[in-house]
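**Student:** give me the fold of what follows.
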Amino acid sequence: MTSQPATPAITVEAKGLVKTFGSTRALDGFDLDVPAGQVTGFLGPNGAGKSTAIRILLGLLRADSGTARVLGQDAWSDQVAIHRRLAYVPGDASLWPNLTGGEAIDVLARLGGQEHRREGKRANSVRREELLERFELDPTKKARTYSKGNRQKVALVAALASDAELFVFDEPTSGLDPLMEAVFQAEVRSLRDEGKTVLLSSHILAEVEKLCDTVTIIRAGKAVESGTLDELRHLTRSTVNATLDAGPPATAGRSEMHGLDGLEGIHDLAIDQGRVRFDVDHHHLTRVLGVLADAGVQNLTIAPPSLEDLFLRHYGDGGEDRDRQPEQGQREGSR
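**Tutor:** Residues are numbered from 1 along each chain as shown. Model (predicted):
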């Protein structure tokens, strides 16, 4: 049996990817690193270039320039070998309409060469039955009768039942109800516990926040931020609610509130007697807390910024719709 290249510390590496469709520049020098054994979130407003980037990494599109390596191999020249080592779920899985869900899963497993790679209780057939039960999917029905959510379940079962090294999920929970989203999230955690690598593109920011070790944000075809959530939170603001010993009297409809009003780094200051609420830039928080301490704090709560706060504050307008291109003929399912 031909040995496979060792998985590098960086499972997916893209450098300077450029892709244009006519006059539209979908990717404009895009960079991405996906560390091995971690879950990397891939975020961006609609049209930012997410799907284009993923299709290039999968070898479904060729970039105009730049390089892309997946599992240590060239994303384009080694496409076939790479696809035997990864599992892919698109945002709207297309299936063979006359096959049952179970038959579609079997075909996808054979196409990926994953049928007999698991042993013992993790054998593919056992794993598949576990997933069918967890996702509440009837595999005997024809694919043409499935709702969008059930088509997604077929793709998810086929992918998660495989013994792939890399899992690429592009809006995988589209069409799923909240209970099934929770099942998917639990499966992703299990993959990480097994040392698998996951690239997750999702519009559900709370999902990314729960699951991802690192996050890359793309906008207008470029990676504008990348890092752990803690590393990225310095880009936004925390919300402070405090009750002070006494609130000074208002003057001309405003209050200095013990020096808070007009202090650098404070935004949206709201004052009501001795109660104060404001947003503060992360790098000014320590100094502002000192001012509050001098003012005599009785109660204090600080709400750290969420991923949604960061995303909407910096990237919510979305820019141009750069990611529209002819859809690939999809019989991709999970591969």
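**Student:** doesn't residue 288 fall inside a helix?
**Tutor:** Yes. Counting by DSSP: H, G, I helix; E, B strand; the rest coil, residue 288 is found in a helix.
**Student:** next, count neighbours for the residue nearest to it when sequence neighbours are not counted.
**Tutor:** Spatial nearest neighbour of residue 288, excluding adjacent residues (Cβ to Cβ, 6 or more residues apart in numbering): residue 280 at 5.1 Å. No exception for glycine: its C-beta is placed from N, CA and C like everyone else's. By other Cβ atoms under 10 Å, the residues close to residue 280 number 24.
**Student:** got the contact list for residue 280?
**Tutor:** 237, 238, 240, 265, 266, 267, 288 (Cβ atoms under 8 Å, 6 or more residues apart in numbering).
**Student:** distance check, residue 278 against residue 232.
**Tutor:** 22 Å (Cβ to Cβ, to the nearest Å).
**Student:** off-centre distance for the longest helix along the chain?
**Tutor:** In the chain, taking DSSP state H as the definition, the longest helix is helix 178-193. For helix 178-193, the separation from the chain centroid amounts to 13 Å (computed by Cα atoms, centre = their mean, to the nearest Å).
**Student:** in that helix, what counts as buried?
**Tutor:** 180, 181, 183, 184, 185, 187, 188, 191, 192 (16 or more other Cβ atoms under 10 Å).
**Student:** what's the answer for stretch 77-85, then?
**Tutor:** 78, 82, 83, 84, 85.
**Student:** correct me if wrong: the third one contacts residue 112.
**Tutor:** The reference is to residue 83. Yes. Counting by Cβ atoms under 8 Å, residue 83 touches residue 112, with 7.0 Å between them.
**Student:** low-confidence bits of the chain, can you list those?
**Tutor:** Along the chain, the parts satisfying pLDDT under 70 run over 1-8, 113-124, 233-235, 246-259, 306, 313-335.
**Student:** please repeat the previous calculation with a cut-off of 80.
**Tutor:** Where the chain drops to pLDDT under 80, the residues are 1-8, 46, 112-124, 203-204, 229-237, 245-262, 273-274, 281-283, 295, 303-335.
**Student:** can you give me the helices in it?
**Tutor:** 50-57, 79-83, 101-112, 124-134, 148-160, 178-193, 205-211, 229-232, 285-295, 307-315.
**Student:** starting at the chain centroid, how far to the fourth one?
**Tutor:** Same thing as helix 124-134. 25 Å.
**Student:** which helices and strands sit right next to that helix?
**Tutor:** Helix 124-134 sits against helix 101-112, helix 148-160, helix 178-193, with contacts defined as 3 or more Cβ pairs under 8 Å, 6 or more residues apart in numbering; DSSP states H and E.
**Student:** could I get these in TSV, plus columns for distance to residue 60?
**Tutor:** TSV is the format used below for the helices and strands packed on helix 124-134 (distance: least, Cβ to Cβ, whole Å):
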stretch	distance to residue 60
helix 101-112	15
helix 148-160	15
helix 178-193	23
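**Student:** what's the closest of those helices to residue 17?
**Tutor:** Residue 17 sits nearest to helix 148-160 of all the helices and strands packed on helix 124-134, at 24.2 Å, using Cβ to Cβ.
**Student:** and that closest one with helix 178-193, angle?
**Tutor:** Orientation of helix 148-160 against helix 178-193 (axes from the mean of the first three to the mean of the last three Cα atoms, to 10 degrees) gives an angle of 10 degrees.
**Student:** now helix 148-160 and helix 101-112, what's the angle there?
**Tutor:** Between helix 148-160 and helix 101-112, the angle comes out at 40 degrees (the same axes, to 10 degrees).
**Student:** what does helix 148-160 contact?
**Tutor:** 87-90, 92-95, 101, 104-105, 108-109, 112, 127-128, 131-132, 135-137, 141, 143, 146, 167, 169, 172-177, 180, 184, 187, 191, 333-335.
**Student:** pull out the buried members of these.
**Tutor:** Among the contacts of helix 148-160, those buried by neighbour count (16+ other Cβ under 10 Å) are 87-90, 93-95, 101, 104-105, 108-109, 112, 127-128, 131-132, 135, 137, 143, 146, 167, 169, 172-176, 180, 184, 187, 191, 333-335.
**Student:** rewinding a little: need the helices of the chain in JSON lines with distance to residue 26, can you?
**Tutor:** Listed next are those as JSON lines, based on distance: least, Cβ to Cβ, whole Å:
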{"stretch": "helix 50-57", "distance to residue 26": "4"}
{"stretch": "helix 79-83", "distance to residue 26": "20"}
{"stretch": "helix 101-112", "distance to residue 26": "27"}
{"stretch": "helix 124-134", "distance to residue 26": "34"}
{"stretch": "helix 148-160", "distance to residue 26": "24"}
{"stretch": "helix 178-193", "distance to residue 26": "27"}
{"stretch": "helix 205-211", "distance to residue 26": "22"}
{"stretch": "helix 229-232", "distance to residue 26": "24"}
{"stretch": "helix 285-295", "distance to residue 26": "38"}
{"stretch": "helix 307-315", "distance to residue 26": "17"}
